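> Below is the sequence, then the predicted model.
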Amino acid sequence: MNILFETDRLLLRPLALTDAEDMFIMDKNPSVHKYLWQKPVQEIDEVIKVINYVNEQYQRNNIGRFATILKETGEFIGWTGIKFVDDHTENGNTNFFDYGYRLDERFWNKGYATEATKFWLNYGLNELKVENLNAYTHSQNGASNQVLKKVGFNFMEEYTAEDGIQWNWWQAKK
């Protein structure tokens, strides 16, 4: 997949194995995983498996999470993007388009999540012609819940996952 998208401050491109070290640094940080099952990675091989999995999603579904790069410095700040969930059930749903993001803690509170989310929401609804773009966030993750609300996702419901964690289900429609 050879695609490059731009926003004012960000470059969005498919994840590559060359992102593994930066992604490992991000994903081993317990703060990054506070609202993500609290399981930071321990070995870089875990990140390599994720990158390979995302690359399989590109081939299977023609979409997936993208490396998110700061234009000004070329730094990997995390990943953002739309994926087609066809490998598990979430809140009783499968075979749906899901928006998500994860940023390195050094890049929090700078508006990058909002900027990327605006781009992907527009891309999903207007370019991919997705009828419903979904997202889910830990119910106590105030920052991520605010980002989704701010850019136009609608809160649909709170639900409890099999592990007992409360999540918020969001949706945006054309």
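Received it, and whenever you're ready, just let me know what you need.
> Just give the nearest non-adjacent residue to residue 90, would you?
Nearest residue to residue 90, sequence neighbours excluded (C-beta to C-beta, 6 or more residues apart in numbering): residue 136, at 6.2 Å. Where C-beta positions appear, they are placed from N, C-alpha and C, glycine not excepted.
> ok but that neighbour is inside a strand, no?
Yes: per DSSP: H, G, I helix; E, B strand; the rest coil, residue 136 lies within a strand segment.
> Kindly state the beta-bridge partners for it.
For residue 136, the beta-bridge partners are residue 169 (DSSP bridges).
> Now for it: which residues touch it?
Shown in contact with residue 136 (C-beta atoms under 8 Å, 6 or more residues apart in numbering): 90-91, 98, 167-170.
> Closest one to residue 83 out of those residues, please.
Residue 83 lies nearest to residue 98 out of those, by C-beta to C-beta, at 5.5 Å.
> helix/strand/coil for the closest one?
Here residue 98 takes the strand state, with states given by three-state DSSP.
> Which strand runs longest in the chain?
What stands out as the longest strand in the chain, according to DSSP state E, is strand 76-85.
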